[in-house]
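1. structure for the following, please:
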Amino acid sequence: MDLNLNGRRALVTGSSAGLGEATAKLLAAEGAAVVVHGRDKERTEKVAQDIRNADGTATTVHGDLADDAVAAEVARAATADGPIDILVNNAGFYRHLSWAEATPDEWRDTYNINVVSGVRMIQHLVPAMRERGWGRVITIGGGLASQPMNTHPQYNATLAARHNLAVSLARELKGTGVTSNVVSPGAILVEATKELVTEIGPARGWGNTWEEIQPNAVNALIPNDQERFGDPDEIAGAVAYLCSEYAQYISGATIRVDGGLIRSAF
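-> From the prediction side, this is the model:
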């Protein structure tokens, strides 16, 4: 399927690793000119170079989107070579904390990074999409938005806010040719996930090797119909589809890519 992204320019926030990296690489492979964003310059440049080595088009921008002035500069730099047609708000942050450990300051910082940072980029980049009559805003959410755990409550709440703002934005963009949707991953096997599960696995009786730990971790933490962790490329595929012309009639939707982890039919 040709997603017809040739000539489109995409900014993927937090794309120096993990889901963002996979998304940036797939959008580039589908023909989009990608702006890779990250706080770590070396890692960000490596992702962009990987894209160029695969005959894709990529530039980079760096900076912490939790800061108003820095976010404005990132948006300015991202549009230096042309307007942004596709914004993927992927950048996010959390720490594994209990209710007792998650202080009010931690809640404020997590909300600023996970929610307000995305709002900053929307306000900088979406008005021009509206003027041109075409655009895509994809917010990376998560199943914890609707099915929260008892741990890291400050993170669960920000995911719910991300889902909510994306739907509100879709209503705001009615009739403009710009869409806003959510891709909601389940537990995806990025490096940090594997490190965490490997660390806690032996103490929980899941085994001592990854081959032993993985199926037990899935059954204990994320029981799903596919009986495994997801792959970053599976999230990237959903994002790429929503960016395409085929998805013009999808508005304010949440596309769950979680192997059936969330049990609700709606």
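2. do you know how far residue 209 is from residue 216?
-> 11 Å (Cβ to Cβ, to the nearest Å). All C-beta atoms are positioned from the backbone trio N, CA, C, and that covers glycine.
3. ok, these two, which is more surrounded?
-> Neighbours were counted for residue 209 and for residue 216 using other Cβ atoms under 10 Å; residue 216 has more, 15 against 11.
4. quick check: phi and psi at the more buried one.
-> Phi and psi for residue 216, reported as degrees, to the nearest 10, are phi -70, psi -40.
5. what score does it have for pLDDT?
-> Listed pLDDT for residue 216 reads 97.
6. who's in contact with the residue nearest to it when sequence neighbours are not counted?
-> In this structure, residue 216 finds its nearest non-sequential neighbour in residue 206, 3.7 Å apart by Cβ to Cβ, 6 or more residues apart in numbering. Taking Cβ atoms under 8 Å, 6 or more residues apart in numbering, we find residue 206 in contact with 197, 212, 213, 216, 217, 220.
7. buried subset of those residues?
-> 197, 213, 217 (16 or more other Cβ atoms under 10 Å).
8. any chance of a markdown table for those residues, columns secondary structure and distance to residue 44?
-> Below are those laid out as a markdown table (DSSP: H, G, I helix; E, B strand; the rest coil; distance: Cβ to Cβ, whole Å):
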| residue | secondary structure | distance to residue 44 |
| --- | --- | --- |
| 197 | helix | 26 |
| 213 | helix | 31 |
| 217 | helix | 30 |
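9. host element of residue 109?
-> Taking DSSP states H and E as the definition, one finds residue 109 inside helix 104-111.
10. and what of residue 180?
-> strand 178-185.
11. quick one: strands adjacent to that strand?
-> Next to strand 178-185 in the sheet, as set by DSSP bridges, lie strand 135-140 (parallel), strand 254-257 (parallel).
12. contacts only, for the most centrally placed residue in the chain.
-> By Cα atoms, centre = their mean, the chain has its centre lying nearest to residue 90, at 2.8 Å. For residue 90, the contacting residues are 12, 13, 14, 15, 19, 20, 23, 140, by Cβ under 8 Å, 6+ apart.
13. just name the closest of the buried ones among the contacts of residue 206 to residue 224, please.
-> residue 217 (11.9 Å; Cβ to Cβ).
14. surely the closest one and residue 197 touch.
-> Yes - using Cβ atoms under 8 Å as the test, residue 217 is close enough to residue 197 to be in contact (4.7 Å).
15. average model confidence for the longest helix along the chain?
-> Ranked by residue count and defined by DSSP state H, the top helix of the chain is helix 153-172. Throughout helix 153-172, pLDDT has a mean value of 98.
16. since that was my last question, I'll sign off now.
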